[in-house]
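>>> When you get a sec, could you give me coordinates for this:
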Amino acid sequence: MFSTLAPILLQATWETIYMVAVSLSIATLFGLPLGVLLATSGRGELFEALWFQRVFGPLVNATRSVPFIILAVAIIPFTRFVVGTSIGTSAAIVPLTVAAIPFIARIIEGAMREVDGGLIEAAQAMGARPVQVVTKVLLPEALPGIIHGLT
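Okay, here's the model as predicted:
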């Protein structure tokens, strides 16, 4: 019996690894900048943009609270537009990615907000531009929290 199931299980395992790897990569590509902007666009932050917080904060929260199966069904037209079909391994990547983006963004935002404000002030006092503060101070200091949140 195992000899008949082994090829099916092996194929399903590789398809799962493919879906997770691709959706995680794409979600990180979009979730990282979204999380950085959510963490740095609040009142008194590096890139103060309250409109961004007011628009994307609730959007991220709403997307995180939608059950995955409802999200997958709701974005079937978008999945068909992107992939050309709404069934199959490649089609499953679209809703997985859309569902993962807000989670990754919140993990990154939370990890960045845990960085000591004194480090940011020190970097600014040494003349670092806001982009340098993010890339040279915030992200490296938040990296352990980001890795912990993603695993």
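>>> Nearest residue to residue 56 in space, please, no chain neighbours.
Beyond its immediate neighbours in the sequence, the residue positioned closest to residue 56 (CB to CB, 6 or more residues apart in numbering) is residue 38, lying 6.4 Å away. The C-beta positions use only the backbone N, C-alpha and C, and glycine is treated the same way.
>>> ok now the longest helix along the chain, how far from the chain's centre?
Residue-count comparison of every helix in the chain, with assignments taken from DSSP state H, identifies helix 2-40 as the longest. Remark: helix 2-40 is offset 12 Å from the chain centroid, using CA atoms, centre = their mean, to the nearest Å.
>>> Counting by contacts, list what it packs against.
Contact here means 3 or more CB pairs under 8 Å, 6 or more residues apart in numbering; DSSP states H and E; on that basis helix 2-40 packs against helix 50-65, helix 89-113.
>>> swap the cut-off to 10 Å and go again
When contacts are defined as 3 or more CB pairs under 10 Å, 6 or more residues apart in numbering; DSSP states H and E, helix 2-40 sits against helix 50-65, helix 89-113, helix 139-150.
>>> Buried deepest among the ones you listed, which one?
Ranked by average neighbour count under the criterion mean count of other CB atoms under 10 Å, the helices and strands packed on helix 2-40 are headed by helix 89-113 at a mean of 21.
>>> one step back: the residue nearest to residue 56 reaches residue 101, doesn't it?
No. At 11.7 Å, residue 38 does not count as touching residue 101 under the criterion of CB atoms under 10 Å.
>>> Can you pull out the low-pLDDT segments for the chain?
Under the criterion of pLDDT under 70, the regions of the chain flagged as low confidence span 1.
>>> rewinding a little: and the angle for the longest helix of the chain with helix 89-113?
Regarding helix 2-40 and helix 89-113, their directions subtend 40 degrees when assessed with axes from the mean of the first three to the mean of the last three CA atoms, to 10 degrees.
>>> what angle do helix 2-40 and helix 50-65 make?
Orientation of helix 2-40 against helix 50-65 (the same axes, to 10 degrees) gives an angle of 160 degrees.
>>> circling back to that earlier point, name the residues contacting each of residue 38 and residue 101.
Counting by CB atoms under 10 Å, 6 or more residues apart in numbering, the shared contacts of residue 38 and residue 101 are 31, 60.
>>> All good on my end, thank you.
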